[in-house]
Each structure stands twice: as structure tokens, then as C-alpha cells.
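>>> sequence-free structure coming up:
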């Protein structure tokens, strides 16, 4: 409470102690900012959409895949700020490393520890999962350390997101072939968002958000109108009923309606900020476009799960969107970047 220091006879040493305590009390908030915790809600949907595409119900190995994805994602966030610490000192001095709230060595150590944890969790999910997690980890490190500022940067980020979906498929179903179309669609969305994010601090290009807007429209159409054939397990379950004539047909219609609704939610979330950034490609509107693209990842993942016939999984993924918004409001971190 204010004014109690003099009443209790505290001297200069106590004031110094209080000054050193305040940065420590803010340390969790600094790590939450470094790791972009609100964006973390976009990660579980990768593995869940992958499991749905593989035609398998989520289980313990899916949870291990989600844990692996979370660790590798956060490793990438910590490594990103370590690699960009000199650039951020000029363009984003408020970030945890240039502001001195987190030491660069601590961020690099966190990236290494999280990568090791992610690979260990993937190994626990089985060899197929580890076979996907290893190149995923390599892609994360290559992006942050070498590819981010090259023309290959957006493609590397898209590959990482697609591999993350395949990790869920490999862990849950043991294979990745059935999940390749969903991984490609999610990768296309990530490619568009990452391309826009490269101009967060400078703005000045209307073509990139326009291209992202066109990509969003194409992906929405593919998700809602070109549903893949159900995986083998679901085809067998649906075989006794003719399309539209029984429970199987009713379920197919329900998942089709759900996929369309979630696809529309994806388009609405991503398209509006892209339009604004195209009309006025200033840094603030470009940053909003990136934020909209990140938020749109969740309804896209949910639509991909519905497209694969996994209604319950798609609804579970969709529920992550309001949970993420609530967390961001409570943590005071409504603005999230992937760069």
C-alpha cells in the first residue's frame, strides 16, 4: 500500500529491493509475450484435423502429438525473437529481448529445451509421429535462423504448418497419405498469412493482402465444395445406408452443413482485415490483417475436420476460438504476431 514505507521505517535498501522485485514480478508476462500465448490456441487444431483426415478418433497418441506441436511451436517463437533481437531493437524495442525483460541466452535455451521436449513427446506417440516431428523441428529452426528473410520464408512456414497437421495424422492413424490434402490447404492459408506478415512494420503493398484475399476465397471454396472421400473406416461405416436415405446420409448432410458454416466463418475472419490492408496498406492495418489471418486458422482447422466427417472433432476445434479470445483479453495480449 502507498505510504507504508515511511511509516515502517524502510530505508534506501528497501527501495532498491522493491525496484529489483518489480521486473521479476513482470517476468511471467514477458515470457507470455515472447511465446505469443494467445496464438497457442491455433496449435491443437492441427493435430486434431490431421487425426480427422486420417479417419481415426483422437486418443492418447493424439494428445502426445498436440503436446509435441505445442512445444515445437513455442520453440519457434522463442527462437524467432532470439534470431531477430538486433532487428527488433530498432523496429520493435518494446519486445521482451530488446527491452531487457528476458535475456537472449534464456530465450535460446528455452528454444532448445522445447525442441527436445517436442521430439520426446512425438517419440512417445510412435515412430510414424517422430518421423514427421523431426523434419518439422528442422523446418522451424531453418525458418528462424536462415529462411525467414528470404523468398523461401513463407513456403517454409507453410511447410511447418502442414507437417504439424501430418503429425496428428501419423500419431493417431499411423500414416499421413489421407491427410495430405488437408495439410496442403492449411499450408496454403499459412503461406498467405506469412507473406502479409513480412510487411508488418513497413506496409506499402496492396498486392500481398489482395493475393491473401484471393487465397482465402479459393481455400473456402475447396473446403466447402470439394470434400474428400471419407477414409476407409468411415466408408465402411456408411456403406449400409444409401446417400441421403438413412442415418449415414443424414450424418453426411450434417457434416456438409457444418463444413460450409465453418468455411464461411473462416472466410469472414480472414477476408475483412485483408480488404482493409489492401485499401490502405499501412503498418497498423497490415498488422490487423496478420492477426485476422492467425485467428482464421482455427475455423479453417475445424472446417477441415468437418470436411473429413469428424463432427465432434470439428466442434472441439471450433471451441478453441472463443477460448483464445478470452485468454487474450484477460492477459492483455490482444495483438499477436508470427514474426
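That came through, no problem. These numbers were taken from a predicted model, which means no experiment stands behind them.
>>> SS state for residue 57?
With DSSP: H, G, I helix; E, B strand; the rest coil as the basis, residue 57 sits in coil.
>>> one more: residue 51?
helix.
>>> how much space separates it from residue 224?
Relative to residue 224, residue 51 is positioned 21 Å away (C-beta to C-beta, to the nearest Å). Where C-beta positions appear, they are placed from N, C-alpha and C, glycine not excepted.
>>> those two - which one has more neighbours?
Relative neighbour count places residue 51 above the other of residue 51 and residue 224, with 30 against 21, counting by other C-beta atoms under 10 Å.
>>> now name the helix or strand holding the residue lying closest to that one once chain neighbours are set aside.
Setting aside the residues directly before and after it, residue 51 is nearest to residue 172 in space (C-beta to C-beta, 6 or more residues apart in numbering), at 3.8 Å. Element membership of residue 172 [criterion: DSSP states H and E] is helix 153-173.
>>> which other helices and strands contact that helix?
With contacts defined as 3 or more C-beta pairs under 8 Å, 6 or more residues apart in numbering; DSSP states H and E, helix 153-173 has these neighbours: helix 44-53, helix 60-83, helix 127-142, helix 180-197.
>>> tell me what the longest one is packed against?
So the one you mean is helix 60-83. Counting by 3+ C-beta pairs under 8 Å, 6+ apart, helix 60-83 packs on helix 27-34, helix 44-53, helix 104-124, helix 127-142, helix 153-173.
>>> relative to helix 127-142, how tilted is it?
For helix 60-83 and helix 127-142, the angle between their directions (axes from the mean of the first three to the mean of the last three C-alpha atoms, to 10 degrees) works out to 10 degrees.
>>> list the buried residues for helix 60-83?
Judged by neighbour count using 16 or more other C-beta atoms under 10 Å, the buried positions of helix 60-83 are 61-83.
>>> any idea which helix or strand comes after the top helix by length along the chain?
Within the chain, and with DSSP state H defining each element, the longest helix by residue count is helix 247-279. Under the assignment DSSP H and E, the closest C-terminal helix or strand after helix 247-279 is helix 283-307.
>>> determine the set of other helices and strands touching that following helix.
Secondary structure elements in contact with helix 283-307, counted by 3+ C-beta pairs under 8 Å, 6+ apart, are helix 44-53, helix 180-197, helix 207-225, helix 247-279, helix 311-318, helix 320-331.
>>> closest one to residue 37 among those helices?
Between residue 37 and the helices and strands packed on helix 283-307, the shortest separation by C-beta to C-beta is 6.6 Å, and it involves helix 320-331.
>>> report the rounded mean pLDDT for stretch 48-60.
If you average the pLDDT over stretch 48-60, you get 96.
>>> again but with stretch 201-219, I slipped
Mean pLDDT, stretch 201-219: 92.
>>> swap in stretch 69-88?
Summarised as a single mean, pLDDT over stretch 69-88 is 96.
>>> residues contacting that stretch, please?
The set of residues external to stretch 69-88 that reach it, using C-beta atoms under 8 Å, 6 or more residues apart in numbering, is 34-36, 39-40, 43-44, 46-47, 95-98, 104, 107-108, 110-112, 114-115, 117-118, 121, 133, 136-137, 140-141, 143-145, 148, 160, 164, 167-168, 339.
>>> now it, how far from the centre of its chain.
13 Å (C-alpha atoms, centre = their mean, to the nearest Å).
>>> that older thread, the longest helix of the chain packs against which elements?
Counting by 3+ C-beta pairs under 8 Å, 6+ apart, the packing neighbours recorded for helix 247-279 are helix 180-197, helix 207-225, helix 232-238, helix 283-307, helix 311-318.
>>> ok, 6 Å please
Applying 3 or more C-beta pairs under 6 Å, 6 or more residues apart in numbering; DSSP states H and E, one finds that helix 247-279 makes contact with helix 207-225, helix 283-307.
>>> how far does the first one sit from the chain's center?
Centre-to-centre, helix 207-225 and its host chain are 18 Å apart (C-alpha atoms, centre = their mean).
>>> give me the most central residue, this structure.
Nearest to the geometric centre of the chain sits residue 42, at 3.8 Å (C-alpha atoms, centre = their mean).
>>> contacts only, for that residue.
Shown in contact with residue 42 (C-beta atoms under 6 Å, 6 or more residues apart in numbering): 297, 298.
>>> run through the stretch 201-339 of the chain and note the low-pLDDT ranges.
Counting by pLDDT under 70, the stretch 201-339 of the chain has low-confidence residues at 226-250, 331-339.
>>> mind running it again at 90?
Residues of the stretch 201-339 of the chain meeting the criterion pLDDT under 90: 201-205, 224-256, 324-339.
>>> rewinding a little: what does the pLDDT read for the residue nearest to residue 51?
According to the prediction, residue 172 has pLDDT 96.
>>> ok, it - contacts?
Shown in contact with residue 172 (C-beta under 6 Å, 6+ apart): 51, 54, 56, 61, 62.
>>> can you do 7 Å?
Under the criterion of C-beta atoms under 7 Å, 6 or more residues apart in numbering, the contact list for residue 172 reads 51, 54, 56, 58, 59, 61, 62, 65.
>>> and the helices and strands packed on helix 153-173 as JSON lines, adding distance to residue 254?
Formatted as JSON lines, the helices and strands packed on helix 153-173 follow (distance: least, C-beta to C-beta, whole Å):
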{"stretch": "helix 44-53", "distance to residue 254": "15"}
{"stretch": "helix 60-83", "distance to residue 254": "23"}
{"stretch": "helix 127-142", "distance to residue 254": "31"}
{"stretch": "helix 180-197", "distance to residue 254": "19"}
